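>>> Could you work out the structure for the sequence below:
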Amino acid sequence: MSQTFTLQIKLMPSKEQALILKAMSENYIQTINNLVDEMVNVKQTTKKTSKDVQVDLPSAVKNQAIKDAKSIFSKVSKKKFSIVPLLKKLVCVWNNQNYSFDSTSISMPLYIDGKVKKVPIRALMKDENNRIQKALTENKLGTLRITQKKKKWIAQIALTSEPVFKNGTKIMGVDLGIKVPAVAVTSDDKISFFGNGRMNKFKKRKFRSTRKNLGKRKKIAAIKSLNDKEQRYMKDQDHKISRSIVNFAIEHKISVIRLEQLANIRQTARTSRKNEKNLHIWSFYRLAQYIEYKANLSGIQVEFVNPFYTSQTCPSCSERNKAKDRTYKCNCGFKKHRDIVGAMNIRYAPVVDGNSQSA
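Predicted structure coming up:
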């Protein structure tokens, strides 16, 4: 199964190049918005080509803008035009046939003084482990997306890899939750806890309280900004947890990571009234995705298993018992943290079709 990921590279354009990139990005976004608006008005996809789009952009970039506009229109039409997005964030995109790179720069066609010229832009192409060059040469190149973040220019290159999985028999089960974001247990019973559930819930309560106060004062823009900040925090936590899990798997020479299939998790997850709000805004699916793609890049296969009774079945005698608070006890004498029990059972639970469903 191919795996797509994004490589970010810092660009160091000259002042003139930065002005050109900004102008092209503005034209690119405006072109997409105009095309989407035209398609929405006539309720059908455009038949325009790059020759029909009169804007100061290379033809390859125009074609990419048309492609992106058609993609947006397709999504809008499926929702019966209830919401038509207006793109604002500046960005410009080239397909994989219109850029190249070397050890110091990335070259792409730019629109300069009415003409199109391929120009190299300085970039930080070297790092400690030569990770950037390896990623660019060992994977299939996709689109190049240039954007600006905090006044710094960033090149985002989509890469597709065909994972080569390791041969081995060591399996690791991972149980996802709220109080404990993740617990991993290897086939030789090495255990590790990941994330800080208490801190996550504290942050969420703080965001919720601030949002409530802003709502009373009708600070709509501030609420939107706060929502973005909360999402960035949650994504950052998921990235850190998933990276730690994969590193733990590599350290213990794991060849297969097993996770619960995420269908209906909101109905089946262990929770309480005080955790209900956290459950419905926590993205188990995103964390599982991050674990899967990072594991695949490291040659570790990810499988999804049937989650039923994984937290209730005794790993020692297979009797079913309900855990009290955070402790699982069985009549046979087995006693463990209930999330450890879940991870232990996930290791050997029946594997389903391998496709996790949206949480």
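>>> was I right about T210 contacting L226?
Yes: the pair T210 / L226 is scored as a contact, 6.0 Å apart, by C-beta atoms under 8 Å. In this view, the C-beta of every residue, glycine as well, is placed from N, C-alpha and C.
>>> quick one, what contacts the closest residue to E26 other than its chain neighbours?
Among residues not flanking E26 along the chain, L90 sits closest, at 6.1 Å (C-beta to C-beta, 6 or more residues apart in numbering). By C-beta atoms under 8 Å, 6 or more residues apart in numbering, L90 lies in contact with K22, S25, E26, Y28, I29, T147, Q148.
>>> thought L11 was touching W153?
Yes: between L11 and W153 there is a contact under C-beta under 8 Å: 4.0 Å.
>>> Tell me how far K336 lies from A155.
Distance from K336 to A155, counting by C-beta to C-beta, to the nearest Å: 48 Å.
>>> Next: A349.
The gap separating A349 from A155 is 42 Å, by C-beta to C-beta.
>>> can you check S318 too?
In terms of C-beta to C-beta, S318 sits 54 Å off from A155.
>>> neighbour-wise, which of those two wins?
A155 (22 against 11; other C-beta atoms under 10 Å).
>>> How about the more buried one, nearest residue that isn't a chain neighbour?
I9 (4.5 Å).
>>> what about the closest residue to Q261 other than its chain neighbours, neighbour count?
The shortest distance from Q261 to any residue other than its chain neighbours is 4.3 Å, reached at F304 (C-beta to C-beta, 6+ apart). When neighbours are defined as other C-beta under 10 Å, F304 has 22 of them.
>>> F304: which element?
strand 301-305 (DSSP states H and E).
>>> following that strand, which helix or strand comes up?
Moving toward the C-terminus from strand 301-305, the next helix or strand (DSSP H and E) is strand 327-329.
>>> Counting by contacts, list what that next one packs against.
Strand 327-329 is packed against strand 335-337, helix 338-348, with contacts defined by 3 or more C-beta pairs under 8 Å, 6 or more residues apart in numbering; DSSP states H and E.
>>> tell me the mean pLDDT for the longest one?
If I follow you right, that is helix 338-348. What helix 338-348 shows for mean pLDDT is 93.
>>> what is the orientation angle of it with strand 301-305?
Counting by axes from the mean of the first three to the mean of the last three C-alpha atoms, to 10 degrees, helix 338-348 lies at 110 degrees to strand 301-305.
>>> Show me where the stretch 1-150 of the chain has its helices.
Taking DSSP state H, counting those that start in this stretch as the criterion, the stretch 1-150 of the chain contains helices spanning 15-42, 59-78, 131-138.
>>> Can you convert those into TSV and add a column each for distance to L297 and mean neighbour count?
Output for the helices of the stretch 1-150 of the chain, formatted as TSV (distance: least, C-beta to C-beta, whole Å; neighbours: other C-beta atoms under 10 Å):
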stretch	distance to L297	mean neighbour count
helix 15-42	30	17
helix 59-78	26	18
helix 131-138	9	14
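>>> Ok, which of these comes nearest Q312?
helix 59-78 (40.1 Å; C-beta to C-beta).
>>> contact partners of that closest one?
Here helix 59-78 has contacts from 24, 28, 31-32, 35-36, 39-40, 43, 45-46, 48-51, 53, 55, 57, 83-85, 92-95, 97-98, 109, 116, 143, using C-beta under 8 Å, 6+ apart.
>>> Sketch out the low-pLDDT regions of the stretch 201-350 of the chain for me.
262-282 (pLDDT under 70).
>>> S311 reaches N345, doesn't it?
Yes: assessed by C-beta under 8 Å, S311 is found in contact with N345 at 7.5 Å.
>>> who touches R122 in this structure?
L11, M12, P13, T104, S105.
>>> Please repeat the previous calculation with a cut-off of 6 Å.
M12, S105 (C-beta atoms under 6 Å, 6 or more residues apart in numbering).
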